[in-house]
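Colleague: what follows is a predicted structure for the sequence shown.
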Amino acid sequence: MKHLAIGILLAVTGLSAQADLKVFATVPEWGALAKEIGGDKVRVYTATNAFQDPHRIEAKPSLLAQARQANLVVAAGADLEIGWLPLVLRDSGNSAIQTGRPGYFEAASFVNRLDVPATLDRSHGDVHAAGNPHIHLDPRNVLKVGEALTARMAELDAANAAGYQAAFRTFAGKWQGAIARWEKEAAPLKGVPVLVHHQSFVYLSNWLGLKEVGSLEPKPGIEPTSGHLTGLLSRQQTAPAKMVLRAAYQQEGPSQWIAGKTGMPAVLLPYTVGGTSEAKDLFGLYDDTIQRLLKGMH
Ligand SMILES: [Zn+2]
């Protein structure tokens, strides 16, 4: 009876013990971060999974329905979702989550972006004009984004602000410890030349000192062609790469082909949370990424 009475009271006053904030995350990494900060005070809907190319998502009715209810959109930004998110926002009819409103959050705007082009020329492919948006594979960026996201969640849901801040402090403490461990484990990767399928690992390479010597895509966002792959193969004579990296969402054919011709290992990286069975959360994503890179060295 007592529980029932409390339940009724909560319903009447409009308070709810759980899921105060509805978060619409465009990609798994930022959905995972929102969960770390929000715990059971948030309901996180993640619009895509690790096996989908986040640049190319269909603005399906199910996404619109979720966006319509959301209090906060957490996007990667820097044009990663430019092909689909603007449509979802527009058609959601939800004024709270439009660009520029507190309910719209872009992770990439809180970090230093790499590969910002000096000049814009779309003939160079699907160039990311605001710099490379795949910022989550430098764990120091995850901390910066986490700090900003905590502030935003606290602003939108003041009743739970202290809880979000405390959860982020706990996460950040564990995360800093993990960064130190990852950097130690990954030390043998420093200076190792690699090929990448798409430029989705530049922040990882920059952090760990991997040397990207080529991309399987002739231009960013353009699928590998046999001519381009043959060119990469001949460059192996002068500038040999030690492994070829791809994200879980990318087709394996091109990297398998170049691995078969050269004997270098084709290494699949989870890229985001859920990309491999080990990458269950943000910690697992990094643990597994580094283990797979180290394995590729042998
Ligand atoms: Zn990209």
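Modeller: Arrived safely.
Colleague: for residue 114, give me its contacts.
Modeller: If a contact means Cβ atoms under 8 Å, 6 or more residues apart in numbering, then residue 114 has 131-132, 202-203, 206 as its contacts. To be clear about C-beta, it is placed using only N, CA and C from the backbone, and glycine gets the same treatment.
Colleague: show me where pLDDT drops low in the stretch 101-250 of the chain?
Modeller: Residues of the stretch 101-250 of the chain meeting the criterion pLDDT under 70: 120-127.
Colleague: where along it do the helices fall?
Modeller: Here the stretch 101-250 of the chain has its helices, by DSSP state H, counting those that start in this stretch, at 139-156, 161-185, 202-208, 226-235.
Colleague: list the buried residues in the third one.
Modeller: Going back to what we said before, that points to helix 202-208. 202-205, 207-208 (16 or more other Cβ atoms under 10 Å).
Colleague: give me the contacts around it.
Modeller: With Cβ under 8 Å, 6+ apart as the test, helix 202-208 has contacts from 114-115, 132, 134-141, 183, 186, 189-190, 194, 196, 210-212, 289, 293.
Colleague: can you select the buried ones from those in ChimeraX?
Modeller: The ChimeraX command for the buried members of the contacts of helix 202-208 (criterion: 16+ other Cβ under 10 Å) is given here:
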select :114,115,132,134,135,136,137,138,139,141,186,189,194,196,210,212,289,293
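Colleague: re the thing from before, show me the one of the helices of the stretch 101-250 of the chain that comes nearest residue 220.
Modeller: Between residue 220 and these, the shortest gap by Cβ to Cβ is with helix 202-208, which sits at 10.8 Å.
Colleague: give me the distance from that closest one to the chain's centre.
Modeller: Distance of helix 202-208 from the chain centroid (Cα atoms, centre = their mean, to the nearest Å) equals 14 Å.
Colleague: in JSON lines: the helices of the stretch 101-250 of the chain, plus distance to residue 244.
Modeller: Formatted as JSON lines, the helices of the stretch 101-250 of the chain follow (distance: least, Cβ to Cβ, whole Å):
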{"stretch": "helix 139-156", "distance to residue 244": "23"}
{"stretch": "helix 161-185", "distance to residue 244": "21"}
{"stretch": "helix 202-208", "distance to residue 244": "13"}
{"stretch": "helix 226-235", "distance to residue 244": "9"}
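Colleague: ranges for the strands of the stretch 51-200 of the chain?
Modeller: 72-75, 104-106, 193-196 (DSSP state E, counting those that start in this stretch).
Colleague: neighbouring strands for the first one, and are they parallel or not?
Modeller: Right, the one you point to is strand 72-75. Within its sheet, strand 72-75 is paired with strand 21-25 (parallel), strand 104-106 (parallel), according to DSSP bridges.
Colleague: how far away from the center of its chain is the longest one?
Modeller: Averaging C-alpha coordinates over strand 21-25 and over its chain gives two centres that are 16 Å apart (Cα atoms, centre = their mean).
Colleague: can you list contacts of it?
Modeller: 31, 34, 38, 41-47, 66-67, 69-75, 97, 153, 156-157, 160.
Colleague: swap the cut-off to 7 Å and go again
Modeller: Contacts to strand 21-25, defined as Cβ atoms under 7 Å, 6 or more residues apart in numbering, come from residues 31, 34, 38, 41-47, 66-67, 69-74, 153, 156-157.
Colleague: those, buried ones only, as a PyMOL selection?
Modeller: Buried members of the contacts of strand 21-25, defined by 16+ other Cβ under 10 Å, are picked up in PyMOL with:
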select buried, resi 31+34+38+41+42+43+44+45+46+47+66+67+70+71+72+73+74+153+156+157
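Colleague: helices - which of the contacts of strand 21-25 land there?
Modeller: The helices, defined by DSSP state H, take in 31, 34, 38, 66-67, 69, 153, 156 from the contacts of strand 21-25.
Colleague: dump the buried residues of helix 202-208 to JSON lines, plus distance to residue 262.
Modeller: Output for those, formatted as JSON lines (distance: Cβ to Cβ, whole Å):
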{"residue": "202", "distance to residue 262": "22"}
{"residue": "203", "distance to residue 262": "26"}
{"residue": "204", "distance to residue 262": "22"}
{"residue": "205", "distance to residue 262": "19"}
{"residue": "207", "distance to residue 262": "26"}
{"residue": "208", "distance to residue 262": "22"}
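Colleague: out of these, what pair is the most spread apart?
Modeller: 202 and 208 (11.2 Å).
Colleague: related to what we said a few turns ago, Throw the strands of the stretch 51-200 of the chain into a markdown table and include distance to residue 253, thanks.
Modeller: As requested, the strands of the stretch 51-200 of the chain are exported to a markdown table (distance: least, Cβ to Cβ, whole Å):
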| stretch | distance to residue 253 |
| --- | --- |
| strand 72-75 | 30 |
| strand 104-106 | 33 |
| strand 193-196 | 14 |
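Colleague: alright, that wraps it up for me.
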